[in-house]
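K.L.:
I need the structure of the sequence given here:
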Amino acid sequence: AQTIVALNYGNITNTGNGNRTLASSGTIGISGTFTPGSGTYTITGSTINFNGSGAQTVNAFSYNNLTLDGTRTGSNNIILASSGTIDVAGTFSPIASFGSGGYVRTGSTINFSGANGQSIPAFNYSALSSSNNNRVLASSGTVGISRTFTPGSGTYTITGSTVDFNGTGAQTVNAF
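P.N.:
Coordinates of the predicted model:
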């Protein structure tokens, strides 16, 4: 087992199948690539911040807090995993805009899984789900959903944002 301490890294690669523990607090900055490998991770209280200036891919992985930040220049994109689940137990903080690049969303689901109330920020999601806990939708802006929305059984607090089902094909609007 190894612990990944809260520091700024270029790349983090796990080539073995050993267990890893992410720092219990602080920020683990990644300016390059994150390759989690096949080991089991203990996620407790830290933030993973994809903070590079170039294109970066956000893996399907279980995060405590996830920040998509950095000084994006030119046409560099933040690419969300093409499949699987990006699980967020704490706070999800995407940047609003950067350069002429943007977010590439092709098929992964962002799941809010925290045990306590979580805020769902205004963001254009491919698929959005919640693991049966209370949620607060953003107070302004648009929560876009291009594929599926699985609200879970928790209570939602609606505070002023718009939910936009913006897929190009048929979509089901849940009783919500």
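
K.L.:
Excluding residues flanking it in the chain, which one is nearest the residue lying farthest from the centre of the chain?
P.N.:
Centroid-distance maximum for the chain: residue 1 at 25.2 Å, with Cα atoms, centre = their mean. Among residues not flanking residue 1 along the chain, residue 19 sits closest, at 4.4 Å (Cβ to Cβ, 6 or more residues apart in numbering). Heads up, the C-betas are built off the backbone N, CA and C, glycines and all.

K.L.:
before we move on, the earlier item: give the contact list for the residue farthest from the centre of the chain.
P.N.:
18, 19, 20, 21 (Cβ atoms under 8 Å, 6 or more residues apart in numbering).

K.L.:
pLDDT score for it?
P.N.:
At residue 1, the model reports a pLDDT of 78.

K.L.:
what does the lowest-mean-pLDDT helix or strand in the chain contact?
P.N.:
Taking mean pLDDT, DSSP states H and E as the measure, the helix or strand of the chain with the lowest value is strand 103-104, at a mean of 87. Residues outside strand 103-104 that contact it (Cβ under 8 Å, 6+ apart): 77, 78, 79, 80, 94, 124.

K.L.:
quick one: strands adjacent to that strand?
P.N.:
strand 78-80 (parallel) (DSSP bridges).

K.L.:
what sits up against the partner strand?
P.N.:
50, 55-58, 68, 72, 86, 94, 101-106, 108, 110, 126.

K.L.:
Now do the buried residues in the helix or strand just after that strand.
P.N.:
The helix or strand immediately downstream of strand 78-80 is strand 85-88, counting by DSSP states H and E. Neighbour-count burial for strand 85-88, counted by 16 or more other Cβ atoms under 10 Å, picks out 85, 86, 87, 88.

K.L.:
hmm, back to that, apply the buried test to the contacts of strand 78-80 and list what passes.
P.N.:
50, 56, 58, 68, 72, 86, 94, 101, 103, 105, 108, 110, 126.

K.L.:
so what's residue 13 up against?
P.N.:
33, 34, 35, 37.

K.L.:
need the residues you listed in a markdown table with secondary structure, can you?
P.N.:
Formatted as a markdown table, these follow (DSSP: H, G, I helix; E, B strand; the rest coil):
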| residue | secondary structure |
| --- | --- |
| 33 | coil |
| 34 | strand |
| 35 | strand |
| 37 | coil |
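
K.L.:
which one of the residues you listed is nearest residue 130?
P.N.:
residue 34 (24.2 Å; Cβ to Cβ).

K.L.:
ok so, going back, shouldn't the residue nearest to residue 1 be in contact with residue 37?
P.N.:
No - taking contacts as Cβ atoms under 8 Å, residue 19 lies outside contact range of residue 37: 10.5 Å.

K.L.:
so what pLDDT did residue 73 get?
P.N.:
65.

K.L.:
Check residue 14 too.
P.N.:
pLDDT, residue 14: 91.
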